[in-house]
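Undergrad: can't give you the sequence, but here's the structure:
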């Protein structure tokens with residue numbers, strides 16, 4: 001199912017033996033545009049934030065706004081410490097994955113290393129010792145979703161708006177769409193743009209360049225934020241732009 005990142009903020013993270021805290025933001029991989037960690041505010045239970053991988057997340061309870069995780073509170077409490085004001089380094093990720101005994105998501109041919117789905121890694125064989133390449137791989141390309149919201153979107157012939165939200169697939173945790181607020185150009189409208197249509201991102205200038213023309217964006221299927229993104233809408237959107245659909 002496709003859901004708004006903003007909607008998922010403040011969801012309660014429920015461990016097997018009690019609540020851990022609430023979702024504050026998300027870190028995504030800017031190469032695969034996939035959420036790798038939920039940043040959880042422990043609401044005073046601990047003195048620091050913690051990272052929760054989608055590997056541990058079960059099916060969301062939309063009605064009660066809860067995300068269950070297959071971890072105990074004690075397991076979360078003793079996970080590697082995390083400073084929300086600093087980037088997540090590859091060394092920290094190696095330590096995190098060794099602690100939980102999960103295979104590395106960046107080692108393998110699929111979106112989550114050995115699988116297309118993060119949940120499949122929960123019961124997979126544990127991590128092997130890190131290779132020299134893994135230890136020295138440096139920047140893991142993780143970005144805060146909150147940081148990227150507000151980035152300006154540049155079409156091939158001018159600006160079309162800014163990133164207002166993301167739409168995430170709750171099975172793969174891939175960011176399927178950027179929600180683009182076009183109010184400074186086309187009053188009162190939001191449109192969806194797939195990360196697959198991005199040519200490049202200037203992180204320094206806070207700009208996302210897409211290979212779409214402004215008029216094409218203006219004529220794209222209208223998006224209603226009050227309704228879930230369903231397959232019928234997605235087919236209409238991809239057919240309109242003449243782009244290959246990710247589900248095919």
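TA: Noted; the coordinates are in hand. Keep in mind that what you see is a predicted model, and the values were worked out from it rather than measured.

Undergrad: what's the weakest-modelled helix or strand in this protein?
TA: Across the helices and strands of the chain, mean pLDDT, DSSP states H and E gives its lowest value to helix 132-135, namely a mean of 48.

Undergrad: which residues does the most centrally placed residue in the chain bridge with?
TA: Against the mean C-alpha coordinate of the chain, by C-alpha atoms, centre = their mean, the closest residue is residue 35 at 2.8 Å. Beta-bridge partners for residue 35, by DSSP bridges, are residue 28.

Undergrad: after the least confident helix or strand of the chain, which helix or strand is next?
TA: strand 142-144 (DSSP states H and E).

Undergrad: residues making contact with that next one?
TA: Strand 142-144 is contacted from outside by 25, 26, 27, 28, 29, 30, 36, 37, 39, 87, 88, 203, using C-beta atoms under 8 Å, 6 or more residues apart in numbering. Heads up, the C-betas are built off the backbone N, CA and C, glycines and all.

Undergrad: quick one: buried ones out of the residues you listed?
TA: Taking 16 or more other C-beta atoms under 10 Å as the criterion, what is buried in the contacts of strand 142-144 is 25, 26, 27, 28, 29, 30, 36, 37, 39, 88.

Undergrad: the domain parsing of this structure - what is it?
TA: Split into domains by automatic domain parsing, the chain comes to 2-143, 149-241.

Undergrad: picking up where we left off before, for the contacts of strand 142-144, give me CSV that also has distance to residue 71.
TA: Listed next are the contacts of strand 142-144 as CSV, based on distance: C-beta to C-beta, whole Å:
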residue, distance to residue 71
25, 19
26, 18
27, 18
28, 21
29, 22
30, 26
36, 16
37, 14
39, 15
87, 24
88, 18
203, 32
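
Undergrad: and the least confident of those residues?
TA: Of all those, residue 87 carries the smallest pLDDT score, 87.

Undergrad: for that residue, which non-adjacent residue is closest in space?
TA: residue 142 (6.8 Å; C-beta to C-beta, 6 or more residues apart in numbering).

Undergrad: neighbours around that neighbour, how many?
TA: 20 (other C-beta atoms under 10 Å).

Undergrad: where's it relative to residue 51, distance?
TA: With distances taken as C-beta to C-beta, to the nearest Å, residue 142 is found 10 Å from residue 51.

Undergrad: list residues touching both of these two?
TA: 27, 37, 88.

Undergrad: nearest to residue 153, of those residues?
TA: Nearest to residue 153, judged by C-beta to C-beta, of the shared contacts of residue 142 and residue 51 is residue 27 at 21.1 Å.

Undergrad: ok, now which ones touch that closest one?
TA: Here residue 27 is in contact with 35, 36, 37, 39, 51, 88, 142, 143, 144, 145 (C-beta under 8 Å, 6+ apart).

Undergrad: residue 199: which element?
TA: Applying DSSP H and E, one finds residue 199 within strand 198-202.

Undergrad: could you point out which element follows that strand?
TA: strand 207-210.

Undergrad: show me the shaky parts of this protein.
TA: Low-confidence segments of the chain (pLDDT under 70): 126-140, 188.

Undergrad: torsion angles phi and psi at the nearest residue to residue 18 once chain neighbours are set aside?
TA: Closest residue in space to residue 18, ignoring its immediate chain neighbours: residue 73 at 5.2 Å, by C-beta to C-beta, 6+ apart. Dihedral angles of residue 73 (phi, psi; degrees, to the nearest 10) stand at phi -60, psi -40.

Undergrad: from residue 44, how far off is residue 73?
TA: Distance, residue 73 to residue 44, using C-beta to C-beta: 14 Å.
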